[in-house]
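# Turn this into a model:
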Amino acid sequence: MGRLSYRVLFRCLQPLMDLPRFVKRFVSLWVDACILFTSWVLAYYLRYDSFDVLNDEPMVLSFLAVVLVTLLVFSLLGLYRAVVRYIGLRAMLAMGGGAVISGFLLKFVSDSNAVLYSVSVIVNYIFFAFAGIAGSRVLLRELVTATSRSAQHRVLIYGAGASGRQLLLALANSIEFRAVAFVDDDPSLQGVIIRDTKVHSPECIEHVIKTYGISRILLAVPSASRGIRSQLIERLEPLGLPVLTIPGMTDLVDGKMKIDELQDVKVEDLLGRDAVTPVPSLMTANITGKVVMVTGAGGSIGSELCRQIILQSPLKLVLFETSEFALYEIDKELSIEIANRRLDVQLLPCMGSVVDQQRVQQLMESYQVQTVYHAAAYKHVPLVEFNVIEGLRNNLFGTWHTAEAAIAAGVDTFVLISTDKAVRPTNVMGTTKRLAELALQALAQRQKKTRFCMVRFGNVLGSSGSVVPLFRKQIKKGGPITLTHEDITRYFMTIPEAAQLVIQAGAMGEGGDVFVLDMGAPVKIYDLARKMVHLTGLEIKNKNNPQGDIEIKVTGLRPGEKLYEELLIGEDEKPTRHPRIKAANEVYLNWPEMQALLSELSEASISYDLEKIRALMLSAPTGFNPTDGICDLWWRAHQTI
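Numbers count the residues shown, from 1 in each chain. Model prediction:
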């Protein structure tokens, strides 16, 4: 049926579809009454080749009573509560049961009126009644479904398993998508027809797309590993069609999302690396039954740490954050989650700065904090380049002061969230984080009561300032995508996986340990941007394709930015109890040396001596190798005066 026919059909049915519900039920009763009466007449004619039954007035009146009772039976069985477009097996059983009861009633009234009916009349009547009532509803359902097809995207479902079949059913009444074909890798499913939809081989996918005029591909493999999903996406990317996925199996099982809530392809699926199941004993060691504190609790990593921590049943969780709004948001979110899951966790939202040692120590002592996850930091490379002293105070002195507070308050374990940018840093941010590592290593040598350890990893997907949400935003606006260099590469990890690994690494620390997370293979950012464009059904605009949709614009490296990031300073790394966590053996300073360096840096920061700060950073064992001069905005302005 053509699009014009569907439009005409839609206009004809629209008045009926817009009727109030009670009017629709009244119409259904009249239609069913007519079908029952017609079925009786046809059943009689089929057996006796005559319409003489209509001349038998007592029998006609008796049958009208049968019709009324039958309609009452249908109503009691719930037939008139069923929505036609969602009609299913239960409604069919109601119609079948009602038709059989009506047949017995017909037999009863015919005997009462001394009318001898052949058994075939009763059987035929039951058959015609069921076929007419059920058939009318199925026909109406198909007509209602057909009316919206002209406005739908014709889509291909990749995956004809249980999830794919559920998605097909869910889309049956969608006004946006119409599934017209399946593709599946399983040879046993290829050629099978599921609700009028054929399953094809992946080798035929380009032919299927052209034949059916497909404009979207829906990926229905929620239980597949991330590696397999990555391979599928690699295969689908060159087709130039938008690829959408159904929610993951965890979200479906938990009831957080429905199968027809389609999403853009997640970037973690592009990376192709499966998360490792956490080791329960490592997840609970520093948390369960303890008082835990997270600094920077409202940040990307800090907030995810809090989400993971409450699931391990701490006694109390201290949320320490300098941003009022960020603290409000994470406190509200966690309070709702604790209530929904009925967790016995006390939340303590506390405002303050990690630079304020007295405030931090007071909180630690008041609540008898046992474990600290120090996530508070300034992490954006260009911003710290432009604000050197603030970066130094927050990242280095904030870590030092929080660590000293932890020692004074008798905290058992202190875990620093570090970064791959601390390895042979070319920028101030990375250098301040490496100095923070050195400070904790020296404190670990000075005393043994508080165990200090550091966890170093790369970029996390979806964090504030991450390229992924930025690219998505730029693609939605029509471009261009801004990229600092075509060859720039980065390590990536999902925020939940990073938080889980941080917690587990902290449980293995003995004192002064530097743990490095296995980030998988580095990702070329240009390739990531290109895939994101292609998977939205768009094309890259460049010299070879001037008619493309999205341009990738190279803007040049920003101050302090590196082309490649590293995770290890040396080559010496040791395995741990977790396959994704390695222990690094790196150079460190003793406490007197570190104390002297901290003292000099403190004096230089108080006097705003940027040149001395730069010299001290270069002389410290951080591997600092700046690619730019001093970029601090205040210092540059001061130089021009």
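# what helix or strand does the closest residue to residue 609 other than its chain neighbours sit in?
Spatially, and ignoring its direct neighbours in sequence, residue 609 is nearest to residue 603 (7.9 Å; Cβ to Cβ, 6 or more residues apart in numbering). Any C-beta I mention is one placed from the backbone N, CA and C, and that applies to glycine too. Using DSSP states H and E, residue 603 falls within helix 591-606.
# Downstream of that helix, the next helix or strand is which one?
In N-to-C order, the element after helix 591-606 by DSSP H and E is helix 610-619.
# What lies in contact with the helix or strand that that next one is followed by?
Remark: after helix 610-619, the chain's next helix or strand is helix 633-640, criterion DSSP H and E. If you take Cβ atoms under 8 Å, 6 or more residues apart in numbering as the criterion, helix 633-640 is touched by 386, 387, 388, 608, 610, 630.
# neighbours of the fifth one, just the number please.
Counted with other Cβ atoms under 10 Å, the neighbours of residue 610 add up to 21.
# now do the third one
Look at residue 388: counted by other Cβ under 10 Å, it has 25 neighbours.
# again, but for the fourth one
Other residues lying near residue 608 total 14 when counted by other Cβ under 10 Å.
# any idea how far the residue lying closest to it once chain neighbours are set aside is from residue 378?
Excluding the flanking residues, the one nearest residue 608 by Cβ to Cβ, 6+ apart is residue 389, at 6.4 Å. Going from residue 389 to residue 378 by Cβ to Cβ, to the nearest Å gives 11 Å.
# With residue 414 instead?
Applying Cβ to Cβ, the value for residue 414 to residue 378 is 19 Å.
# Among those two, which residue is more densely surrounded?
residue 414 (27 against 20).
# what sits against residue 434?
With Cβ under 8 Å, 6+ apart, residue 434 has these contacts: 422, 423, 425, 622, 623, 624.
# Repeat that for residue 537.
Taking Cβ under 8 Å, 6+ apart, one finds 215, 216, 240, 241, 242, 243 in contact with residue 537.
# Just the buried ones out of the residues you listed, please.
In the contacts of residue 537, burial by neighbour count holds for 216, 241, 242, 243, counting by 16 or more other Cβ atoms under 10 Å.
# Of the residues you listed, just say which sits nearest to residue 436.
Of all the buried ones among the contacts of residue 537, the one with the least separation from residue 436 (Cβ to Cβ) is residue 243, at 41.6 Å.
# I'd say the closest one and residue 236 touch.
Yes. Using Cβ atoms under 8 Å, residue 243 is in contact with residue 236, at 5.3 Å.
# Mark out where each domain of the protein begins and ends.
3-147, 152-271, 280-460+492-519+564-619 (automatic domain parsing).
# coming back round to it: between residue 243 and residue 236, which contacts overlap?
Common contact partners of residue 243 and residue 236 (Cβ under 8 Å, 6+ apart): 217, 219, 535.
# between these, which is closest to residue 453?
residue 535 (38.9 Å).
# Give me the residues contacting stretch 504-512.
Stretch 504-512 is contacted by residues 278-279, 281-283, 285-286, 371, 373, 413, 415, 440-441, 444-445, 448, 451-453, 455, 515, 517, 576-578, 581, 583, 588 when judged by Cβ under 8 Å, 6+ apart.
# among these, which are in strands?
371, 373, 413, 415, 451, 452, 453, 455, 515, 517, 581, 583 (DSSP state E).
# Pick out the lowest-pLDDT one from those residues.
Lowest-confidence member of those: residue 517, scoring 78 (pLDDT).
# That residue - how many residues pack around it?
By the criterion of other Cβ under 10 Å, residue 517 has 23 neighbours.
# now residue 442
Using other Cβ under 10 Å, residue 442 is surrounded by 23 other residues.
# The residue nearest to it when sequence neighbours are not counted: what's it in contact with?
Distance criterion Cβ to Cβ, 6+ apart; nearest residue to residue 442, sequence neighbours excluded, is residue 594 at 3.7 Å. Shown in contact with residue 594 (Cβ under 8 Å, 6+ apart): 438, 439, 442.
# Can you check the pLDDT for the first one?
Going back to what we said before, that points to residue 438. 95.
# which element is it on?
Per DSSP H and E: residue 438 is located in helix 428-446.
# so where's the stretch 201-350 of the chain uncertain?
In the predicted model, the stretch 201-350 of the chain carries pLDDT under 70 at residues 247-263, 266-275.
# Would you map the strands across it?
216-219, 243-245, 263-264, 291-295, 316-321, 346-351 (DSSP state E, counting those that start in this stretch).
# Relative to residue 78, which of those is closest?
Using Cβ to Cβ, the strands of the stretch 201-350 of the chain put strand 216-219 closest to residue 78, at 33.2 Å.
# follow-up on the earlier one: could you export the contacts of residue 434 as TSV, including pLDDT, distance to residue 397 and neighbour count?
Output for the contacts of residue 434, formatted as TSV (pLDDT from 0 to 100; distance: Cβ to Cβ, whole Å; neighbours: other Cβ atoms under 10 Å):
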residue	pLDDT	distance to residue 397	neighbour count
422	86	16	26
423	85	21	23
425	89	17	26
622	90	16	23
623	87	21	17
624	91	17	21
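# neighbours of the residue lying closest to residue 228 once chain neighbours are set aside, just the number please.
Of all residues not flanking residue 228 in the chain, residue 221 sits nearest, at 7.2 Å (Cβ to Cβ, 6+ apart). Each residue near residue 221 was counted by other Cβ under 10 Å, and the total is 19.
# residue contacts, residue 221?
When contacts are counted by Cβ under 8 Å, 6+ apart, residue 221 touches 158, 159, 161, 163, 228, 229, 232.
# do the same with residue 396
432, 435, 436, 439, 598, 601.
# Let's see that with 7 Å instead.
Going by Cβ atoms under 7 Å, 6 or more residues apart in numbering, residue 396 touches 432, 435, 436, 439.
# quick one: which of these is nearest residue 482?
Using Cβ to Cβ, these come closest to residue 482 at residue 432, 26.2 Å.
# for the record, mean pLDDT for the helix holding residue 603?
95.
# re the thing from before, now the contacts of residue 221 in CSV, with neighbour count and distance to residue 36?
Output for those, formatted as CSV (neighbours: other Cβ atoms under 10 Å; distance: Cβ to Cβ, whole Å):
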residue, neighbour count, distance to residue 36
158, 24, 46
159, 26, 44
161, 16, 42
163, 21, 41
228, 15, 55
229, 22, 54
232, 23, 53
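# what's stretch 110-124 in contact with?
Against stretch 110-124 from outside (Cβ under 7 Å, 6+ apart): 43, 44, 46, 47, 58, 59, 62, 103, 106, 107.
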